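Generate a structure from the sequence data that follows.
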Amino acid sequence: LVKTQSLRSIPEKIVVEKPAVSVLDQKEGEQAKALFEKVKKFRLHVEEGDLLYSMYVRQTIIKVIKFVFIVVYNSILVSKVNFMVECEVNIQEMTGYCKFSCNHTMAHLFSKLSICYLCFVSVYGLTCLYTLYWLFYRSLKEYSFEYVRHETGIDDIPDVRNDFAFMLHLIDQYDPLYSKRFAVFLSEVS
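Below is the predicted model of the structure:
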C-alpha cells in the first residue's frame, strides 16, 4: 500500500463583523419616519370632523329613497302593460269604426323585463338598507385597536374617532389585515 499524504482540514476563521448600517437601511428608516409623520398629520386632520361620515349617511339615505321610488313607480306600471290595447284611430269615414283592439306583441317581453329589473333593483335596495342598518346600529365614530395591541404587544396604539374611525371601519369591512397594518403607523414605538 502506498501511503498518501493525509488531508488536513483548514480551521475556519470565525469573523465577527459589526453590522454596518447601510445607506439603504438609513433611507428606509427616513422613509418610515416621514410616513409616520404624514399618518400622524392625516390622523389629526381627519379626526377633527365627521364630514365623511355624514356625507356617507346622506348618500345612503338618498340611495334608499331612490330605490323606494323606483320600486313603487315600476311595480305600479308593470301591471298596466297589456297584450291587448285599445287603439283610437280617426278613420271612421273609411271603415265606419274609430276604436280598434290592437295587439302589442312586445308587451309580454316588456312585462318580464320589468319584473327582472325590479328584482335587480330590489337586491340593490337590500344592500342599501343593510348599509343604513350598519351605519346607524354600530358605533362607527370610534375605533379601538385593542385586539392589535394584544397581538403585537405594542401598547401605545391610540384609539381613533370621528371620520378616521369611520374610514378604518370601512377598511376593516374590506380587509381587516389593512387596519392591523395601519395600526403600526399610529404607534410612536414602532
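
in what helix or strand does the nearest residue to L186 once chain neighbours are set aside lie?
Of all residues not flanking L186 in the chain, I157 sits nearest, at 5.3 Å (Cβ to Cβ, 6 or more residues apart in numbering). For glycine as for every other residue, the C-beta is placed from the backbone atoms N, C-alpha and C. Assigned by DSSP states H and E, I157 belongs to no helix or strand.

what does the model give I157 for pLDDT?
I157 is assigned 74 on the pLDDT scale.

swap in I70?
What the model reports for I70 is a pLDDT of 90.

Tell me the spacing between it and I76.
Separation of I70 from I76 (Cβ to Cβ, to the nearest Å): 11 Å.

Show me which of the two is the more surrounded one.
Taking other Cβ atoms under 10 Å, I70 and I76 do not tie; I70 has more neighbours (16 against 9).

How much space separates that one from S114?
From I70 to S114 the distance is 11 Å (Cβ to Cβ).

check contacts around the residue nearest to L186.
145, 148-149, 183-184, 186-187 (Cβ atoms under 8 Å, 6 or more residues apart in numbering).
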